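Engineer: Sequence and predicted model, in that order:
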Amino acid sequence: MSLRSNVAPFMALDVLASATRREREGQDIVHLEIGEPGAPPPRVVREAAIAALDGRRVGYTEALGRPSLRARIARHYRDTHGVAVPPERIAVTTGSSGGFALAFLTLFDVGARVAVAAPGYPAYRNILEAFGIETVTIETARASCFTVTAEMIEAEHCKNKLDGILLMSPANPTGAMMRREVLRGVCETCDRLGIAFISDEVYHGLTYGEAAATALEFSAQAVVANSFSKYFCMTGWRIGWLVLPEPLIRPIERLQQSLSISVPFLSQIGAEVVFDAQEELQAVLAGYAKNREILLNELPGIGFDFLPADGAFYLYVDISRFSDDSADFCAKLLDATGVGTTPGADFDRLRGKSAMRLSFAGPENDIVAAIRRLTAWLR
């Protein structure tokens, strides 16, 4: 067995497996552990996929994606952000996860130093470590709204040269969003210092106030990752995209040709039309906003401390009043109440033992039931 496979588990998926097993055994489970929309993909997506199966060949596509889909994604940036992105700079990927693997392999050699934020999405570190890339943790704090700034990046780079940095906005697990001036500063600092910047924008569209800015507004060198999984409700279709600086296009294409040949045809068909489902998608977002409001109103009374999420569909909750071992706390919570949550240790190896993540992407009934069960268990 290779040392590359010895990465940390993705706790959210471990909790999901445990919760699902209990569900099969007859226990009534409320799923707040997994970052997945509770809504199905929009009707136009399902209809397009079904129509494509009617006697049509389902085969390979171009390695970087169907030209019509790449053009539609480019139009999305023009319409949403006012940014002109040539379709040639867009690579369709097998979810954002496949995009990260391609970007890491293209940008970094073994031993490169890449910074990530804590708390932050655990798969970044796991993929980087599997590729032999050193991860550098930039600790964020509640006092600064869990945001990494240009000054923090430059300070870390001065201590020991960074080859890259990967940041998400809105963020998982905190829901924190980088303000425009902060994102501008990060882009300009990375460009000036020669640090490769990967901007994870998979939760764009899911905000509860100010809209999220894209790094493409401030840098032509940034690599932007996005996905059809979150706002577009297409998790199981496993499709996302990268926006690339011109020098990376052909290297990414070569890697994609060998690693996956192409992204599944039917997923590309569905992704191309999902941009036309805005009314349905906005209704889903309104449901998240209502769930968020319920949690903001009810959790403090139970004894949880947290910052309101600017975006995404999570709350990162301080559980220190009840426990200093989030894995144990979440396991006992699932066992006693049937409420699945994710331990904060999944997102922050140093300080996450005093936190847990709650996803509010499911139906309102689940949120209400979770509040009721938490209240009864902890009071």
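Structural biologist: Here it is on my side, so go on.

Engineer: Was I right to think residue 129 contacts residue 104?
Structural biologist: No: when contacts are counted by C-beta atoms under 8 Å, residue 129 is not listed as touching residue 104 (10.6 Å). C-beta: built from backbone N, CA, C; applies to glycine.

Engineer: Can you pick out the residue with more neighbours from the two?
Structural biologist: More crowded of residue 129 and residue 104, by other C-beta atoms under 10 Å: residue 104, with 21 against 16.

Engineer: Which strand or helix spans the more buried one?
Structural biologist: Of the helices and strands defined by DSSP states H and E, residue 104 is found in helix 95-107.

Engineer: what does that helix rub up against?
Structural biologist: Under the contact criterion C-beta atoms under 8 Å, 6 or more residues apart in numbering, helix 95-107 has outside partners 91, 93, 114, 123-124, 127-128, 131, 133, 163-164, 166, 196, 198, 200, 202, 223, 225-227, 229, 238-242, 248, 251-252, 255-256, 259-260, 263.

Engineer: Next step: those restricted to strands.
Structural biologist: Here DSSP state E is the test, and the contacts of helix 95-107 give 91, 93, 114, 164, 166, 196, 198, 200, 223, 225-227, 240-242 as lying in strands.

Engineer: and which of these is nearest residue 13?
Structural biologist: Using C-beta to C-beta, residue 227 comes nearest to residue 13 of the ones in strands among the contacts of helix 95-107, at 16.6 Å.

Engineer: could you list every residue that touches the closest one?
Structural biologist: With the criterion set at C-beta under 8 Å, 6+ apart, residue 227 makes contact with 95-96, 99, 202, 239-241.

Engineer: List the beta-bridge partners for it.
Structural biologist: For residue 227, the beta-bridge partners are residue 240 (DSSP bridges).

Engineer: ok, now how distant is it from residue 189?
Structural biologist: Applying C-beta to C-beta, to the nearest Å, one obtains 26 Å for the distance of residue 227 from residue 189.

Engineer: Let me see the ranges of the helices in this structure.
Structural biologist: With DSSP state H, the ranges of helices along the chain come out as 11-24, 43-52, 67-81, 95-107, 122-130, 150-159, 180-193, 249-259, 265-274, 278-302, 326-337, 364-378.

Engineer: Need those in TSV (columns: distance to residue 352 and mean pLDDT).
Structural biologist: Shown next, in TSV, are the helices of the chain (distance: least, C-beta to C-beta, whole Å; pLDDT from 0 to 100):
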stretch	distance to residue 352	mean pLDDT
helix 11-24	10	85
helix 43-52	35	96
helix 67-81	33	98
helix 95-107	21	97
helix 122-130	10	94
helix 150-159	19	97
helix 180-193	23	98
helix 249-259	31	98
helix 265-274	33	98
helix 278-302	18	97
helix 326-337	6	94
helix 364-378	19	96
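
Engineer: Format those helices as TSV; extra columns: distance to residue 349.
Structural biologist: Shown next, in TSV, are the helices of the chain (distance: least, C-beta to C-beta, whole Å):
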stretch	distance to residue 349
helix 11-24	11
helix 43-52	37
helix 67-81	34
helix 95-107	19
helix 122-130	8
helix 150-159	17
helix 180-193	23
helix 249-259	29
helix 265-274	33
helix 278-302	25
helix 326-337	11
helix 364-378	26
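
Engineer: For residue 32, which of those is the nearest?
Structural biologist: Evaluated with C-beta to C-beta, the helices of the chain place helix 364-378 nearest to residue 32, the distance being 5.7 Å.

Engineer: Now the closest one - C-alpha only, PDB.
Structural biologist: These are the backbone C-alpha positions of helix 364-378, laid out as PDB (Å, rounded to 0.1, in the frame of the first residue of the first chain):
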ATOM      1  CA  GLU A 364     -37.400  23.000   6.800                       C
ATOM      2  CA  ASN A 365     -39.100  20.100   8.700                       C
ATOM      3  CA  ASP A 366     -35.600  18.600   9.300                       C
ATOM      4  CA  ILE A 367     -34.400  21.900  10.800                       C
ATOM      5  CA  VAL A 368     -37.300  22.200  13.100                       C
ATOM      6  CA  ALA A 369     -37.000  18.500  14.200                       C
ATOM      7  CA  ALA A 370     -33.200  19.000  14.800                       C
ATOM      8  CA  ILE A 371     -33.900  22.000  17.000                       C
ATOM      9  CA  ARG A 372     -36.500  20.100  19.000                       C
ATOM     10  CA  ARG A 373     -34.200  17.100  19.500                       C
ATOM     11  CA  LEU A 374     -31.100  19.200  20.400                       C
ATOM     12  CA  THR A 375     -33.100  21.100  22.900                       C
ATOM     13  CA  ALA A 376     -34.400  18.000  24.600                       C
ATOM     14  CA  TRP A 377     -31.000  16.400  24.700                       C
ATOM     15  CA  LEU A 378     -28.900  19.300  26.000                       C
END
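
Engineer: for that helix, packing partners?
Structural biologist: When contacts are defined as 3 or more C-beta pairs under 8 Å, 6 or more residues apart in numbering; DSSP states H and E, helix 364-378 sits against strand 30-31, helix 278-302, helix 326-337, strand 339-340.

Engineer: Mean neighbour count, those: which tops it?
Structural biologist: Counting by mean count of other C-beta atoms under 10 Å, strand 339-340 has the highest mean neighbour count of the helices and strands packed on helix 364-378, with a mean of 24.
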